[in-house]
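Undergrad: need the 3D shape of this:
(4 chains)
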Protein chains: 2
Amino acid sequence: MSLQHILLGIIAEPKSGYDIKQEFDSSLKHFWFAELSQIYPALKKLVADDLARVEGVPSDKGPDKKLYSRTDAGTQALIDWLHTGPATSPVRHGFLGQVFFMGTQKDREAALKFFKELKAHYQARYAALQAVEAGWKAQCPTYPDGLGDDDFFMQMTLDAGLRFQRSYMDWCTNSIDRIKSRYHD
Amino acid sequence: MSLQHILLGIIAEPKSGYDIKQEFDSSLKHFWFAELSQIYPALKKLVADDLARVEGVPSDKGPDKKLYSRTDAGTQALIDWLHTGPATSPVRHGFLGQVFFMGTQKDREAALKFFKELKAHYQARYAALQAVEAGWKAQCPTYPDGLGDDDFFMQMTLDAGLRFQRSYMDWCTNSIDRIKSRYHD
DNA sequence: ATGCGCATGTAAGAGGTTACATGATTTT
DNA sequence: AAAATCATGTAACCTCTTACATGCGCAT
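TA: Residues are numbered from 1 along each chain as shown, chains lettered A, B, ... in the order given. Predicted structure coming up:
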């Protein structure tokens, strides 16, 4: 349900499916992602529902680009989405399932290895978000509160990403300490 | 992919699909959940794959219960899963998508309302986890480090849940302050 | 000439949700 | 007498992933 709305948000400026995929991979990946094979049909559906229009333009290299942009109905559908209340569908965390049943396996070293790997994973994600933030800081010396109205809210999602990753990392660090003091002392 | 493994974890003791659903809703819901319509076929598949066995027993009320338990191959499959490394598939956060595009709508009060609703949502989840923790504390006076080996890891997932909810709440609080000081001063 | 980046898609399948279907017992 | 709880499932649908298919232009 959310993908359609997120696409509507992205095509405030005319964009092709290929452009959108790159935007997912660069600036949106901390909260959403989609494959091209999902994006193309979703854009078609927006047009079928009169929420977007297409315009074919020749490309420098490769086939023609299809640029999608919001119709007025599309903008309204986006705003309606913002008014339906926060989209907080519950989330599945496979790694917590693994921890939940980790007592099944008596190998303490395996448990430590697991948490160290998890911590490294979140550290990498954290570093990636910090790099995005650094780029933003370089562009705007009064970051974050001197940002324009649109960027203000976008930066909030980056702030959320940074906080959440830190929280995961802290939990890993603490868990490693607890395992060590329980089994290595 | 993870559901099968989580079911294997749960059926260390013989359990019916109905029992499992209740366990999801009570103690596992901070990291996983599943509908009965998904659980029943999944259990059948475990039996077909020789990872579980079934035993039909008469129930006090209602139809016969089918109790599922792990085979040795099932236990091995569970342990193998723990050795494949942390299951960190990326997560989609619809509400962050909404925040990302919140600048589209110029209504500041709507933005504040959104964040307050979100904060209330996470506060409710946090309170639910605290209640689970309180029950645990009542049972075990040396909580959390005096817990048995199995419970030790299970409690870690509760700790994770509490930390993550706090982190979401803090972000909401901070975002509300930022919106207020940007637009209400 | 081989592969990479640009640019479009389709098809099969896995995973998950919602709605439907059945029937017994216990509580209000 | 009606509703909730116990207990099993099936079917249609939606979302997302993985694999496949096509073809141009540019750099090595």
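
Undergrad: quick one: secondary structure of A:Pro144?
TA: coil (DSSP: H, G, I helix; E, B strand; the rest coil).

Undergrad: OK, contacts around A:Leu3?
TA: Residues near A:Leu3 by CB atoms under 8 Å, 6 or more residues apart in numbering or on different chains: A:32, A:34, A:38, A:42. Glycine gets a C-beta too; all of them are placed from N, C-alpha and C.

Undergrad: in the host helix or strand of the last one, what's buried?
TA: It stands for A:Ala42. Here A:Ala42 sits within helix A:36-48, counting by DSSP states H and E. Of the residues in helix A:36-48, A:39-40, A:42-43, A:46 count as buried by neighbour count, 16 or more other CB atoms under 10 Å in any protein chain shown.

Undergrad: for A:Asp25, which non-adjacent residue is closest in space?
TA: A:Phe33 (7.5 Å; CB to CB, 6 or more residues apart in numbering or on different chains).

Undergrad: scratch that, A:Thr173
TA: A:Lys119 (6.7 Å).

Undergrad: is that neighbour in contact with A:Asn174, as I believe?
TA: No: applying CB atoms under 8 Å, one finds A:Lys119 not in contact with A:Asn174, separated by 10.4 Å.

Undergrad: give me the distance between the biggest helix by length in chain A and the centre of its chain.
TA: For chain A, the helix with the greatest residue count under DSSP state H is helix A:149-183. Distance, stretch centre to chain centre, for helix A:149-183: 15 Å (CA atoms, centre = their mean, to the nearest Å).

Undergrad: who touches stretch A:133-142?
TA: By CB under 8 Å, 6+ apart, stretch A:133-142 touches A:143-144, A:146-147, A:151, A:155, A:158, A:162.

Undergrad: mind running it again at 6 Å?
TA: Under the contact criterion CB atoms under 6 Å, 6 or more residues apart in numbering or on different chains, stretch A:133-142 has outside partners A:Tyr143.

Undergrad: C-alpha coordinates for that stretch, CSV please?
TA: The C-alpha trace of stretch A:133-142 is given here as CSV (Å, rounded to 0.1, in the frame of the first residue of the first chain):
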residue,chain,number,x,y,z
GLU,A,133,24.8,13.7,6.6
ALA,A,134,28.3,14.9,5.8
GLY,A,135,27.2,15.7,2.3
TRP,A,136,24.3,17.6,3.5
LYS,A,137,26.4,19.6,6.0
ALA,A,138,28.9,20.5,3.3
GLN,A,139,26.0,21.9,1.2
CYS,A,140,24.3,23.8,4.0
PRO,A,141,26.5,25.4,6.7
THR,A,142,23.5,25.9,9.0
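
Undergrad: tell me the mean pLDDT for it?
TA: In this model, stretch A:133-142 has a mean pLDDT of 93.

Undergrad: thinking again about what came up before, out of the buried residues of helix A:36-48, who's nearest A:Met169?
TA: A:Met169 lies nearest to A:Ile39 out of the buried residues of helix A:36-48, by CB to CB, at 31.4 Å.

Undergrad: grab the nearest non-local neighbour of that closest one.
TA: Using CB to CB, 6+ apart, the closest residue to A:Ile39 is A:Gly17 (4.8 Å).

Undergrad: that neighbour: neighbouring residues, count only.
TA: Look at A:Gly17: counted by other CB atoms under 10 Å in any protein chain shown, it has 21 neighbours.

Undergrad: let me see the contact set for it.
TA: Here A:Gly17 is in contact with A:39-40, A:43 (criterion: CB under 6 Å, 6+ apart).

Undergrad: Serialize those to a markdown table and add fields for distance to DNA strand D and pLDDT.
TA: Output for the contacts of A:Gly17, formatted as a markdown table (distance: CB to the nearest atom of the strand, whole Å; pLDDT from 0 to 100):
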| residue | distance to DNA strand D | pLDDT |
| --- | --- | --- |
| A:Ile39 | 9 | 98 |
| A:Tyr40 | 9 | 98 |
| A:Leu43 | 13 | 98 |
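
Undergrad: output these as CSV; include the columns distance to A:Ala127.
TA: Formatted as CSV, the contacts of A:Gly17 follow (distance: CB to CB, whole Å):
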residue, distance to A:Ala127
A:Ile39, 27
A:Tyr40, 32
A:Leu43, 32
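
Undergrad: if we check DNA strand C, which of these are in contact?
TA: Among those, the ones lying near DNA strand C by CB under 7 Å from any atom of the strand are A:40, A:43.
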